[in-house]
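**Student:** Coordinates only, no sequence provided:
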Ligand code: C2E
Ligand code: MG
Ligand code: MG
Ligand code: MG
């Protein structure tokens, strides 16, 4: 009967939802274990001078090497970590490991992504400071990357916290600039040291006639505001040569280097000094 069918469907959906919830709970438990048992690792992606020859900084990017599922992308487990609060411990693990690894590259700056939830934790700044002192890492070499979501709770404390971070000599970058609803208004609210232009603007260069005008304007804006400007997601020689004609300060993207394990940074520096770049095939990517 229709009634029985309806109930059957209801049961089906409930079961599917319950299964989803259970799967997430399992994954959260496994992530907890991963944080405690060194199943996380970091890779580093170089940021170079505008001519692409010299590495200036590396961005730390977390990876989860799951024993059965293989490598899980941060895009899928960072949101889970944020929902479950695990992001705080995960983020501290990342900072500690990155500051230790980066001791090998005293000539390079280190960029670390900080989730808005981690940033707003009342103890964040103290914990950050204690990691810096425990690892002996010079705060002037550190740049934290936040997105405009850090402002989403309209918490006036966030501005004070950003200032306190800068007062320690740590630089603050605005990541994924241009993807949100009111990116421009955040530039007025806080004096970011660095502007990272979202790769969407770079990807458009080959296809959209407006993209180069928009990109050029954003770079000039960052420059006028005294920020260091980073272009992310450089995949082709064409994109790199466009940027060479602008006031952009740093390039980052697969064309220069994929994110690599700490051991390989030295090799990447040698390769880039020889001007050997990796053109990414856009067709394989699409
Ligand atoms: P993001 O901070 O904007 O990092 C840049 C992402 O773009 C990285 O993805 C990087 O591998 C990728 N990428 C770099 N060059 C290119 C390119 O030329 N083309 C394309 N298509 N992609 C490129 P990944 O490592 O998968 O990280 C994704 C996001 O996850 C990051 O975006 C960041 O928001 C977050 N994330 C990564 N590691 C951490 C972390 O340690 N803590 C926190 N809170 N978030 C992290
Ligand atoms: Mg980033
Ligand atoms: Mg980004
Ligand atoms: Mg500049």
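**Tutor:** The structure has been received and is ready for your questions. Predicted, not measured: the structure shown is a model, and the values here were computed from it. Ligands and ions are numbered 1, 2, ... in the order given.

**Student:** those helices in the stretch 101-250 of the chain, which residues are they?
**Tutor:** Here the stretch 101-250 of the chain has its helices, by DSSP state H, counting those that start in this stretch, at 116-120, 124-135, 156-167, 183-189, 199-203, 211-224, 237-244.

**Student:** is ligand 3 contacted by the fourth one?
**Tutor:** Pointing back at helix 183-189 there. No. Helix 183-189 lies apart from ligand 3 when judged by CB under 5 Å from the ion; the minimum separation is 12.5 Å. The way it works is simple: take the backbone N, C-alpha and C, and place the C-beta from them, glycine included.

**Student:** on that earlier part again, quick one: closest of the helices of the stretch 101-250 of the chain to residue 105.
**Tutor:** helix 124-135 (13.5 Å; CB to CB).

**Student:** Could you pull up the mean pLDDT of the closest one?
**Tutor:** Here helix 124-135 scores 98 as its mean pLDDT.

**Student:** Give me the distance between it and the centre of its chain.
**Tutor:** Computed by CA atoms, centre = their mean, to the nearest Å, the chain-centroid distance of helix 124-135 equals 20 Å.

**Student:** quick revisit: out of the helices of the stretch 101-250 of the chain, name the one with the poorest average pLDDT.
**Tutor:** Set side by side, those differ in mean pLDDT, and helix 183-189 is lowest with a mean of 87.

**Student:** Which elements pack onto that one?
**Tutor:** For helix 183-189, the packing partners by 3 or more CB pairs under 8 Å, 6 or more residues apart in numbering; DSSP states H and E come out as strand 171-177.

**Student:** Quick one: distance of the strand it packs on to the chain centre.
**Tutor:** Relative to its parent chain, strand 171-177 has a centroid offset of 9 Å by CA atoms, centre = their mean.

**Student:** repeat for stretch 76-91
**Tutor:** With CA atoms, centre = their mean, you get 14 Å for stretch 76-91.

**Student:** where does the closest residue to residue 33 other than its chain neighbours sit relative to residue 187, distance-wise?
**Tutor:** Nearest residue to residue 33, sequence neighbours excluded (CB to CB, 6 or more residues apart in numbering): residue 39, at 7.3 Å. Counting by CB to CB, to the nearest Å, the gap from residue 39 to residue 187 is 38 Å.

**Student:** what does residue 18 give?
**Tutor:** For residue 18 relative to residue 187 (CB to CB), the value is 45 Å.

**Student:** Could you do residue 143 as well?
**Tutor:** As for residue 143, its distance to residue 187 is 17 Å (criterion: CB to CB).

**Student:** So for those two, which sits in the more crowded spot?
**Tutor:** Ranked by neighbour count (other CB atoms under 10 Å), residue 143 and residue 187 place residue 143 first, with 21 against 18.

**Student:** got the contact list for the more buried one?
**Tutor:** When contacts are counted by CB atoms under 8 Å, 6 or more residues apart in numbering, residue 143 touches 57, 109-112, 170-173, 193-194.

**Student:** okay, it: pLDDT?
**Tutor:** 98.

**Student:** try residue 61
**Tutor:** According to the prediction, residue 61 has pLDDT 98.

**Student:** now the residue nearest in space to the middle of the chain, which residues is it bridged with?
**Tutor:** Nearest residue to the geometric centre of the chain (CA atoms, centre = their mean): residue 113, 4.6 Å. For residue 113, the beta-bridge partners are residue 145 (DSSP bridges).

**Student:** and the protein, which of its residues are near ligand 3?
**Tutor:** 175-176.

**Student:** for the chain, what's the longest strand?
**Tutor:** Secondary structure of the chain per DSSP state E: the longest strand is strand 55-66.

**Student:** so what strands line up beside the helix or strand just after it?
**Tutor:** Under the assignment DSSP states H and E, the closest C-terminal helix or strand after strand 55-66 is strand 70-72. Applying DSSP bridges, strand 70-72 is found paired with strand 55-66 (antiparallel).

**Student:** any bit of the partner strand sitting next to ligand 1?
**Tutor:** Yes. Using CB under 6 Å from any ligand atom, strand 55-66 reaches ligand 1 at 60-62.
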